[in-house]
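> mind folding the following:
(one chain, ligands or ions: 1)
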Amino acid sequence: MTDTILNHETVADWYDFSGRTVLITGGAGILGGEMACMLVGCGANVAIMDRDPSLADRLLDRLGCGPGCAVVVFGDVLKPETLAQAEEQVRAEFGPVDTLVNAAGGNNPRATTGADLSFFDLPPEALRFVFDLNILGTMLPSQVFGRGMAERGEGVILNVSSMNAFRPLTRIPAYSAAKSGVSNFTQWLAVHMAQEYSPRIRVNAIAPGFFLTEQNRFLLTDEETGGLTPRGRAIVEHTPMGRFGDPEDLLGTVLWLLSPASAFVSGVVVPIDGGFSAFSGV
Ligand SMILES: NC(=O)c1ccc[n+]([C@@H]2O[C@H](COP(=O)([O-])OP(=O)(O)OC[C@H]3O[C@@H](n4cnc5c(N)ncnc54)[C@H](OP(=O)(O)O)[C@@H]3O)[C@@H](O)[C@H]2O)c1
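From the prediction side, this is the model:
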């Protein structure tokens, strides 16, 4: 028990990220970029890491508003040497990374079944690409940036899983299995960090529902008409809130999981899905 009375000021302090150093992999992407802007707005120093840093240009105006600061660094989640370079660069700029968001990930059209590509013909290299990007692409940054957390005895890691992890979606077997692996690894690392290093290191994940971004646009919207595909319509019909998510819909949960407000929460995967995962369809 503590003598502190929980009031507005204490709660506001939880969400003041001043002095925190956050690194976001795939930070130039749609969802990672939204998180970056929010965290700068909450005072954090944010390193946006991506394999194509120029993708972050569209965010620069919003990032410049502060009160925190942002840098854009090169780093490929599948190339440990580039992660080590990014770690050094960010440490020199802001100090050690105390918060890691593993947002890089995605599917691949060649690992997706369809009228002209059966499950039996999915090329091994496309399947491997999806497993590597999502699973290794979460594990390798957790090694590089988690090591410092283990040495200092504190830190927060947030992974990005998916609806696929709870029950697989049709057509995307590798992405479904890989995100299931991300959820499993989230639990594993939460236990490992707390038991082997410090109970002040927490590892959680979010499982976004359906957000229209570059990686799923080809499945959810018709390239020619811009209207929804039958799959896109089915998703909206199966979402009790009746819409796709907006990237901002993720932010409250992300903030909570990165902040001391969730100090006793580790190893969870939180759906942010407009009720999709709760709905039986009837
Ligand atoms: N959109 C959704 O509905 C949804 C739902 C559930 C989960 N998610 C997950 O949410 C995360 C963010 O997805 P998003 O929708 O924001 O997609 P996105 O806009 O494609 O963002 C992903 C970012 O990661 C980058 N990236 C890809 N490979 C990389 C690598 N090897 N090293 C470093 N960066 C790399 C991408 O760069 P390039 O553009 O160069 O590839 C892109 O900037 C992903 O893990 C995704 O699986 C998305």
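> okay, buried residues for stretch 106-124 please.
For stretch 106-124, the neighbour count (16 or more other Cβ atoms under 10 Å) marks Gly106, Asn107, Asn108, Ala111, Thr112, Leu117, Leu122 as buried. C-beta: built from backbone N, CA, C; applies to glycine.
> the ligand next: which of those are close?
For the ligand, the contacts drawn from those by Cβ under 6 Å from any ligand atom are Gly106.
> which one of the buried residues of stretch 106-124 is nearest Phe129?
Nearest to Phe129 out of the buried residues of stretch 106-124 is Asn108 (Cβ to Cβ; 5.4 Å).
> pretty sure that closest one is touching Val130, no?
Yes. With contact defined as Cβ atoms under 8 Å, Asn108 reaches Val130; the gap is 5.4 Å.
> between these two, which contacts overlap?
Common neighbours of Asn108 and Val130 (criterion: Cβ atoms under 8 Å, 6 or more residues apart in numbering): Ala174, Tyr175.
> the stretch 101-250 of the chain: strands as residue ranges?
If DSSP state E, counting those that start in this stretch is used as the criterion, the strands of the stretch 101-250 of the chain fall at 155-160, 201-208.
> report the angle between the axes of the first one and strand 201-208?
For the pair strand 155-160 and strand 201-208, the angle between their directions (axes from the mean of the first three to the mean of the last three Cα atoms, to 10 degrees) equals 20 degrees.
> strand 155-160 pairs with which strands, parallel or anti?
Strand 155-160 has the following strand partners under DSSP bridges: strand 99-102 (parallel), strand 201-208 (parallel).
> tell me which two in the buried residues of stretch 106-124 are the farthest apart.
Across the buried residues of stretch 106-124, the longest distance by Cβ to Cβ is 17.7 Å; it joins Gly106 and Leu117.
> just send the strands of the stretch 101-250 of the chain back as JSON lines, with mean pLDDT, mean neighbour count and distance to Pro173 too.
Converted to JSON lines, these look like this (pLDDT from 0 to 100; neighbours: other Cβ atoms under 10 Å; distance: least, Cβ to Cβ, whole Å):
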{"stretch": "strand 155-160", "mean pLDDT": "98", "mean neighbour count": "25", "distance to Pro173": "19"}
{"stretch": "strand 201-208", "mean pLDDT": "98", "mean neighbour count": "25", "distance to Pro173": "18"}
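> helices or strands up against the lowest-mean-pLDDT helix or strand in the chain?
None of the helices or strands of the chain scores lower by mean pLDDT, DSSP states H and E than helix 217-220, at a mean of 87. In terms of contacts (3 or more Cβ pairs under 8 Å, 6 or more residues apart in numbering; DSSP states H and E), helix 217-220 is packed against helix 230-237.
> what is the helix it packs on packed up against?
Counting by 3+ Cβ pairs under 8 Å, 6+ apart, helix 230-237 packs on helix 217-220.
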